[in-house]
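>>> 3D model of this:
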Amino acid sequence: MHDIPETRASLIIRLRQPGNQEAWREFASLYEPLIYRLAARKGFQHADAQDLLQDVLVAVARGIDRLELGDDQGRFRGWLFRISRNLIVNAVEKRQRLVLGSGDSDVCERLAQEPAISDHEQTAYVLEFRRELFHWAARGIRPEFQPTTWSLFWRTSVEGEPIADTARELGLSLGAAYAARCRVLARLRKKVEELEDSSNW
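Residues are numbered from 1 along each chain as shown. Take a look at the predicted model:
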């Protein structure tokens, strides 16, 4: 099970330490699924998305020492998004060059006109980040609850099953089911806030 880092600033600092494999595992467990989904949405096949992930990790490793940790909200996420997006654009350009021939002026012109980061892309990235944050937090708190309680929460809050039917199937009263779900949601919210509020990345 992956524990959420106590502070994200400390994770970035640990990424700068040579040979700190645990920090890179923490980083990868949070961000690889996010980057993979961004690539998949751009039409990347599995093998190409995996290659992109490796390229992003290499770029982060090369640039992490130059990243300034400041008070700007989302500084690290924005930096990582720009790296990911640039590498995606580069991969698309490379693919088109193979089809159109190297030096194609249309491709170069298209890339020159690419906006830095569109609102739509930024919103999609933040939503993907929050989705991954939810799953990470959920993995972190799951051992704190009985299997029946967790099943009730997951089936009703994530999969959208009716709480009355699920409670009946699990042998719980409706009141107990609502109380159990509220306990899990409160704990999950707190776990997400620990990661979101611990630093500005």
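
>>> Quick check: which ranges of the chain have low pLDDT?
Counting by pLDDT under 70, the chain has low-confidence residues at 1-9, 69-74, 96-122, 125-126, 195-201.

>>> any chance you could map the helices in it?
For the chain, applying DSSP state H gives helices covering 8-15, 21-41, 46-63, 75-100, 105-113, 119-141, 147-153, 163-170, 174-197.

>>> so can I have CSV of the ones you listed showing mean neighbour count?
Backbone N, C-alpha and C define where each C-beta goes, glycine included. CSV is the format used below for these (neighbours: other C-beta atoms under 10 Å):
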stretch, mean neighbour count
helix 8-15, 17
helix 21-41, 17
helix 46-63, 15
helix 75-100, 16
helix 105-113, 11
helix 119-141, 16
helix 147-153, 18
helix 163-170, 16
helix 174-197, 15
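
>>> ok, the nearest residue to Ile88 once chain neighbours are set aside to Val92 distance?
Computed as C-beta to C-beta, 6 or more residues apart in numbering, the closest residue to Ile88 that is not its neighbour in sequence is Lys42, at 5.5 Å. Noted for Lys42: a distance of 7 Å to Val92, by C-beta to C-beta, to the nearest Å.

>>> same thing with Arg183?
Counting by C-beta to C-beta, the separation of Arg183 from Val92 is 46 Å.

>>> And His135, by the same measure?
Taking C-beta to C-beta, one finds His135 at 28 Å from Val92.

>>> and if you look at Ala23?
31 Å.

>>> ok, now Lys191?
From Lys191 to Val92 the distance is 36 Å (C-beta to C-beta).

>>> Could you do Leu172 as well?
Separation of Leu172 from Val92 (C-beta to C-beta): 51 Å.
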